[in-house]
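1. Need a 3D model of the sequence below.
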Amino acid sequence: MFRRVQIITILLVAVLTFSGCTRRRDVTIVSEQEKTTTARKSSSNDVIYVYICGEVKHPGVYKFSKDDRIVAAIKASGGLTSKASAESINQAEKMKDGQQITIPSKKQVTKKETTDVNAAQSSSGKININTASVEELKTLSGIGESKANDIISYREEHGSFTSPEDIMKIQGIKEGIYNKIKDKITI
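-> Take a look at the predicted model:
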């Protein structure tokens, strides 16, 4: 009887062993390079959330791919309104997670430009010749577009003016023009 139990046990172990060995198991070997490639692929699918508001038809938070550009947000929000200043925003710029994109109106842009012109004027109302734009310089008597550009070119090449009188180093600006504008400029 003991012998019978031994034979049955051996047969049972043999059957179980061979049945397990005959099953096909798929084993996938992944190299380090494939792991890196897979990680890159999964990270390129990252999503970002961007809030777009202002002069768009449907302001709100939208979901995008991390490589999308502002133009995608404008399209997703239904496009620009008729009051939008499309040229004041770089639509080709890439978006960032959590970014707020505000599309200004044409009226806001005009108001900002007016504010910027006034910003170069000091509290005394004088125009700083070291920071003034072409438009600001053109408000001075005897300074047209050409001379304003010459002033800016001089600044870029030689650095800031050290005194208001230095403006006479610009070709075409002599004592006559300087005397007209000296009370309206500063450095």
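2. Without its sequence neighbours, what residue ends up closest to the residue most central in space within the chain?
-> By CA atoms, centre = their mean, the chain has its centre lying nearest to E93, at 5.1 Å. Counting by CB to CB, 6 or more residues apart in numbering, I70 is the residue found nearest to E93 once chain neighbours are left out, at 5.2 Å. No exception for glycine: its C-beta is placed from N, CA and C like everyone else's.
3. residues in contact with that neighbour?
-> I89, N90, Q91, A92, E93, K94, M95, I101 (CB atoms under 8 Å, 6 or more residues apart in numbering).
4. between those, which has the most around it?
-> M95 (22 neighbours; other CB atoms under 10 Å).
5. Number of residues surrounding the nearest residue to it once chain neighbours are set aside?
-> Spatial nearest neighbour of M95, excluding adjacent residues (CB to CB, 6+ apart): V50 at 5.0 Å. For V50, the count of nearby residues is 22 (other CB under 10 Å).
6. How much space separates the residue nearest to E93 from S85?
-> Separation of I70 from S85 (CB to CB, to the nearest Å) stands at 14 Å.
7. One more: N130?
-> 29 Å.
8. Please apply the same query to E136.
-> Taking CB to CB, one finds E136 at 21 Å from S85.
9. same thing with I185?
-> Distance from I185 to S85, by CB to CB: 32 Å.
10. With D97 instead?
-> Applying CB to CB to D97 and S85 gives a distance of 26 Å.
11. who's more crowded, the two?
-> Just comparing D97 and S85: by other CB under 10 Å the higher neighbour count belongs to S85, 18 against 11.
12. any idea of the pLDDT on that one?
-> As predicted, S85 sits at a pLDDT of 89.
13. Please identify which helix or strand holds the residue nearest to M95.
-> Take DSSP states H and E as the rule and V50 turns out to sit in strand 47-54.
14. mind listing what's buried in that strand?
-> Neighbour-count burial for strand 47-54, counted by 16 or more other CB atoms under 10 Å, picks out I48, V50, I52, G54.
15. can you give me the strands for this structure?
-> 47-54, 60-65, 100-103, 127-128, 185-186 (DSSP state E).
16. can you put those strands in TSV and add mean pLDDT and distance to G78?
-> As requested, the strands of the chain are arranged in TSV below (pLDDT from 0 to 100; distance: least, CB to CB, whole Å):
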stretch	mean pLDDT	distance to G78
strand 47-54	93	10
strand 60-65	95	10
strand 100-103	90	11
strand 127-128	90	43
strand 185-186	90	48
